[in-house]
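Need coordinates for the below:
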Amino acid sequence: MKYDETPLLQAARMTAAAGLRQRLTELRQAYRLQQADVAARAGLSRSTVVLIEKGDPGRTMGQILRYLNAIAPAVTLHALLEGRLLALTMLRSQERTQRFASPQ
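Next up is the predicted model:
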């Protein structure tokens, strides 16, 4: 039976977990990888990858680090949390709506 860690965590920790979840998901998308591919590379089940991307506080640090290593082996957790990654910057720039002046 899985134990729910959520009631034991402070709101600030849950916010940090949500930020980590978002960055991991964005990193996977920036590298254009499917969840199933990352799961296979990391030796995790796809359901565990889904839980990591949902920010489930019951995931272990080992699972999170294996997930990160499967996506980008050279990226450290510290760099990911700071958001200092070219892949994330490029993904965000592609998502911005660009407006062009219409010819008259």
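
going forward, measure contacts between C-alpha atoms and count neighbours the same way
Fine.

Determine the longest helix present in the protein.
helix 11-30 (DSSP state H).

and it, what does it pack onto?
Under the contact definition 3 or more CA pairs under 8 Å, 6 or more residues apart in numbering; DSSP states H and E, helix 11-30 sits against helix 46-54, helix 61-71, helix 77-82, helix 86-95.

how many degrees apart are it and helix 46-54 in direction?
Angle of helix 11-30 versus helix 46-54, following axes from the mean of the first three to the mean of the last three CA atoms, to 10 degrees, is 120 degrees.

Please compute how far the helix or strand just after helix 11-30 lies from its chain's middle.
Following helix 11-30 in sequence order, the next helix or strand is helix 35-42 (DSSP states H and E). Taking CA atoms, centre = their mean, to the nearest Å, one finds helix 35-42 lying 13 Å from the centre of the chain it belongs to.

One more: stretch 12-31?
Using CA atoms, centre = their mean, the mean C-alpha position of stretch 12-31 is found 4 Å from that of the whole chain.

tell me the contacts of Ala18?
Ala18 is in contact with Lys54, Gly55, counting by CA atoms under 8 Å, 6 or more residues apart in numbering.

what do you get for the one 3 residues further on?
Taking CA under 8 Å, 6+ apart, we find Arg21 in contact with Ile52, Glu53, Lys54, Gly55.

Kindly recompute the last result at 10 Å.
By CA atoms under 10 Å, 6 or more residues apart in numbering, the contact set of Arg21 is Thr15, Leu27, Leu51, Ile52, Glu53, Lys54, Gly55, Asp56, Ile64.

And for Ala17?
Ala11, Arg23, Ile52, Glu53, Lys54, Gly55, Asp56, Pro57.

what do you get for Arg32?
Glu26, Ile71.

Noted, bye for now.
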